[in-house]
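# What would the 3D arrangement of this be:
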Amino acid sequence: PGRAQVLATLVDTFLEKLVAAGSYQRFANCYRCFYRLQPEMTRSIYDQFISQLQASIKEEIQEIKNEGNLEMLFHSLDKIVEEAKNRQEPAWRPSGIPEEDVRSAIVPYLLKHRSYLQKILKEKEEENRKVAQSVLEGRNKIAELQQLIQARKHAWQ
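The predicted model follows:
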């Protein structure tokens, strides 16, 4: 059951126990003189009192639920709890020492970011190595062409 249902059950249980604690016998004992004179009227007053008390409590609880938007909050909390059940890692809890809490939250992120940057660095180094190799090949080709030009220039002269 959702938290809203648990709250409703809790309120109903509370009202049942309240009515049981405020039994007719206790009510009659408090108003003994009136009970002796008119027991039926006392019973009627007791029944009205209990029904109005229950209605008033339920109305107050409903107002609190409406003002605090508890139904939606309970629903979203149930949703968060349901999503958390599927998580493999344990939920984060503060240790009470802010430095350790910050470190425990930031270090995994920084380690992940560092491995990402190392991966990018390796890719760029490989790319640079290939570019450097092609530059060397281009320089060698230019040197060969310059030698060929010099050879043809000497041959022409």
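# model confidence over the longest helix anywhere in the chain, on average?
Longest among the helix segments of the chain by residue count, using DSSP state H, is helix 98-156. Averaged over helix 98-156, pLDDT sits at 95.
# can you give me how far it is from the chain middle?
Distance of helix 98-156 from the chain centroid (Cα atoms, centre = their mean, to the nearest Å) equals 44 Å.
# Which strands or helices does that helix pack on?
Packing contacts for helix 98-156, counted by 3 or more Cβ pairs under 8 Å, 6 or more residues apart in numbering; DSSP states H and E, involve no helix or strand. No exception for glycine: its C-beta is placed from N, CA and C like everyone else's.
# show me the contacts for residue 34.
Counting by Cβ atoms under 8 Å, 6 or more residues apart in numbering, residue 34 touches 41, 42.
# swap the cut-off to 10 Å and go again
28, 41, 42, 45 (Cβ atoms under 10 Å, 6 or more residues apart in numbering).
# Restricted to helices, list those residues.
Counted as lying in helices by DSSP H, out of these, are 28, 41, 42, 45.
# Give me the neighbour count for the first one.
Other residues near residue 28 come to 16 when the count uses other Cβ atoms under 10 Å.
# Check the last one too.
As a burial measure, the neighbour count of residue 45 was computed by other Cβ under 10 Å and equals 15.
# and it, what does it touch?
With contact set as Cβ under 10 Å, 6+ apart, residue 45 has these partners: 27, 31, 34, 35, 38.
# possible to save those as JSON lines with distance to residue 152, secondary structure and pLDDT?
Formatted as JSON lines, these follow (distance: Cβ to Cβ, whole Å; DSSP: H, G, I helix; E, B strand; the rest coil; pLDDT from 0 to 100):
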{"residue": "27", "distance to residue 152": "126", "secondary structure": "helix", "pLDDT": "87"}
{"residue": "31", "distance to residue 152": "131", "secondary structure": "coil", "pLDDT": "88"}
{"residue": "34", "distance to residue 152": "134", "secondary structure": "helix", "pLDDT": "87"}
{"residue": "35", "distance to residue 152": "134", "secondary structure": "helix", "pLDDT": "88"}
{"residue": "38", "distance to residue 152": "136", "secondary structure": "coil", "pLDDT": "91"}
